[in-house]
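>>> Structure of the sequence below:
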Amino acid sequence: MSQSLNPSDSPNSSDQRIAYALLRATIGLNLTMHGVSRIAAGTGEFAAKLVTQFSHAPLPSWSVWAFGLSLPPMEALLGVLLFLGLRTRATLIAASILLMVLTFGSTLTQDWTAAGIQLTYAAVYSALIFLNRYNGFSLDSRLSISQSEPISQTPEN
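Numbering: from 1, shown residues only. Take a look at the predicted model:
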């Protein structure tokens, strides 16, 4: 007798969807609050702190300033989308790319503590992408938004 590999056949599938939703919402709230708190404190002030932090890095200060101004709204937007579960797959990919940029900056300034924390975020984002089939409690699910790339089917010989 073979066991079904279909996750919806599992008696724990609702637990898996709940676990996924809680992790997605928690990481979304975390990212949202990163952005919102920086916006509330003033994006100019945040950008100025980044320019100081990167003063010895081989980057032009204007690029650090521009990134510092744009980072908080990006964090807030991506966080809200994750929290709600809207365009989850695309949002997780975008957040992962943003995290790669942040990791580049942390390693450029040799801030190994921040780089280590960013690896934890990267692992969570990757797990959420990998387990996206459990994204049942989300706006994506309610709106029936497809979260996977179309797979081309070839006829069997």
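
>>> In contact with the closest residue to Phe137 other than its chain neighbours, which residues are there?
Excluding its sequence neighbours, the residue lying closest to Phe137 (C-beta to C-beta, 6 or more residues apart in numbering) is Ala21, at 3.9 Å. In short, each C-beta sits where N, CA and C put it, glycine included. Contacts for Ala21 (C-beta atoms under 8 Å, 6 or more residues apart in numbering) come out as Gly85, Asn135, Gly136, Phe137, Ser138.

>>> Filter these down to the buried ones, ChimeraX style.
In ChimeraX syntax, the buried subset of the contacts of Ala21 is picked out as below (16 or more other C-beta atoms under 10 Å):
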select :85,135,136,137,138
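
>>> can you redo the contacts of Ala21 as JSON lines with secondary structure and distance to Phe67?
Output for the contacts of Ala21, formatted as JSON lines (DSSP: H, G, I helix; E, B strand; the rest coil; distance: C-beta to C-beta, whole Å):
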{"residue": "Gly85", "secondary structure": "coil", "distance to Phe67": "28"}
{"residue": "Asn135", "secondary structure": "coil", "distance to Phe67": "30"}
{"residue": "Gly136", "secondary structure": "coil", "distance to Phe67": "36"}
{"residue": "Phe137", "secondary structure": "coil", "distance to Phe67": "34"}
{"residue": "Ser138", "secondary structure": "coil", "distance to Phe67": "30"}
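
>>> So of the contacts of Ala21, which two are at opposite extremes in space?
Greatest spatial distance among the contacts of Ala21 (C-beta to C-beta): Gly85 and Gly136, at 9.1 Å.

>>> got the contact list for stretch 70-89?
Contacts to stretch 70-89, defined as C-beta under 8 Å, 6+ apart, come from residues 21, 24-25, 27-36, 38-39, 43, 46, 91-92, 94-95, 98, 128-129, 132, 135, 137-141, 143, 145, 147-148.

>>> thinking again about what came up before, between the contacts of Ala21, which sits nearest Ser13?
Comparing these against Ser13 with C-beta to C-beta places Gly136 closest, at 8.2 Å.

>>> could you measure the closest one against Arg142, distance?
Here the criterion is C-beta to C-beta, to the nearest Å. By it, Gly136 lies 10 Å from Arg142.

>>> next one: Leu128
Counting by C-beta to C-beta - Leu128 and Arg142 are separated by 18 Å.

>>> got a list of contacts for stretch 41-56?
By C-beta under 8 Å, 6+ apart, the list of residues contacting stretch 41-56 from outside reads 38, 61, 64-69, 71-73, 105, 108-109.
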